[in-house]
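S.K.: return atomic coordinates for the entry below.
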Amino acid sequence: MSVNNKQWATFLLGAAAAFGAYKYMNMTDEEKEKLAASLKEKANKVKDQAMSAEEQAMEYFNELKTKGADTFKEHMPKVEEFFQGLFGGAKEAAKGPAENTPAA
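M.R.: Coordinates of the predicted model:
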C-alpha cells in the first residue's frame, strides 16, 4: 500500500499545526500579545491593499468603458448607426404590424 501526495500533505499540515500549537502554549503572555498585535497589523495591511486594488479595478473598468466605446466609434463610425437601426428596428417590429399602421 503506497502513500499518495495528498496523504503526505495532510500529515505535514497536521505536524505543522501541532508544532505551532506547542510553540504557542510555551509562549509567555507578553509574547502572545505581541504575536496577536503583529497578526492584526498584517491583516489590516492585507485588507488595505485589497481595498486599494478594488478601487483601482473600478477606475480601470470605468476607463475601459468610456475609452473603449470612443475608440470603437472612432475606428468604425457607422457601427453606432448600425446598432441603433438593428435594435431600434427590433423594437418597432416587436410592436406588431397593427401598431405600426396609422389609424383610419
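S.K.: can you tell me the centre-most residue of this protein?
M.R.: Nearest to the geometric centre of the chain sits Glu54, at 7.9 Å (CA atoms, centre = their mean).
S.K.: any idea how far Tyr60 is from that residue?
M.R.: Look at Glu54 and Tyr60: by CB to CB, to the nearest Å, they are 11 Å apart. (C-beta placed from N, C-alpha, C; glycine too.)
S.K.: now for His35, how many residues are close by?
M.R.: Not quite, residue 35 is Leu, not His. Close neighbours of Leu35, defined as other CB atoms under 10 Å, add up to 13.
S.K.: stretch 85-102 - what's its average pLDDT?
M.R.: On average, the pLDDT along stretch 85-102 is 61.
S.K.: so where's this protein shaky on pLDDT?
M.R.: In the predicted model, the chain carries pLDDT under 70 at residues 1, 89-104.
S.K.: tell me which residues are up against the strand or helix carrying Leu13.
M.R.: Using DSSP states H and E, Leu13 sits within helix 5-25. With CB atoms under 8 Å, 6 or more residues apart in numbering as the test, helix 5-25 has contacts from Lys32, Leu35.
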